[in-house]
Every structure is written in structure tokens, then in C-alpha cells.
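Trainee: sequence-free structure coming up:
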């Protein structure tokens, strides 16, 4: 439980100025190494803690 709380605190620090609605998704991605989020939110893509792919990039990955 303590680890979950730490992840949520870290997540809030990262996304609070981007989009607080993304906290739960970002926290899940942050909890697992090498996670990828699918989002067209350019501000979310600018952070460096979790890789974020937009729709076109996701399509490219899934087409490989």
C-alpha cells in the first residue's frame, strides 16, 4: 500500500499541471517499467517519465 501511495504522489507531481484527470492512467504506467501510454495530449507527451504515443504512432507500432 505504501508503494501505491508513493506512485500516486509521484504521479500527481508530474501531471498536476498537465491534466489531473490522467492521474490514474499515468500512475498505472509509472508502476510498471517500460509502460507506454496512448494519448494525443501534447503536454503529457512532453514529460519524460513515461513514454507517450499519439494515435498515429500507436497505429505505426500496431502495424509493424
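Mentor: All right, it came through fine. Everything quoted here is computed from the prediction, not taken from an experiment.
Trainee: Buried residues, the longest helix seen in the chain. List them.
Mentor: Using DSSP state H, we find that the single longest helix of the chain is helix 2-15. By 16 or more other C-beta atoms under 10 Å, the buried positions in helix 2-15 come out as 7-8, 11, 14-15. To be clear about C-beta, it is placed using only N, CA and C from the backbone, and glycine gets the same treatment.
Trainee: so what does it touch, helix or strand wise?
Mentor: helix 23-31 (3 or more C-beta pairs under 8 Å, 6 or more residues apart in numbering; DSSP states H and E).
Trainee: tell me the angle of the helix it packs on relative to helix 2-15?
Mentor: Following axes from the mean of the first three to the mean of the last three C-alpha atoms, to 10 degrees, one obtains 110 degrees for the angle between helix 23-31 and helix 2-15.
Trainee: Do me a favour and average the pLDDT over helix 23-31.
Mentor: Averaged across helix 23-31, the pLDDT comes to 91.
Trainee: got the contact list for the residue most central in space within the chain?
Mentor: Nearest residue to the geometric centre of the chain (C-alpha atoms, centre = their mean): residue 26, 3.6 Å. Residue 26 is in contact with 11, 14-15, 37, 44, 50, counting by C-beta atoms under 8 Å, 6 or more residues apart in numbering.
Trainee: so can I have a markdown table of the residues you listed showing pLDDT and distance to residue 30?
Mentor: Output for the contacts of residue 26, formatted as a markdown table (pLDDT from 0 to 100; distance: C-beta to C-beta, whole Å):
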| residue | pLDDT | distance to residue 30 |
| --- | --- | --- |
| 11 | 92 | 6 |
| 14 | 91 | 8 |
| 15 | 91 | 10 |
| 37 | 94 | 10 |
| 44 | 90 | 12 |
| 50 | 94 | 6 |
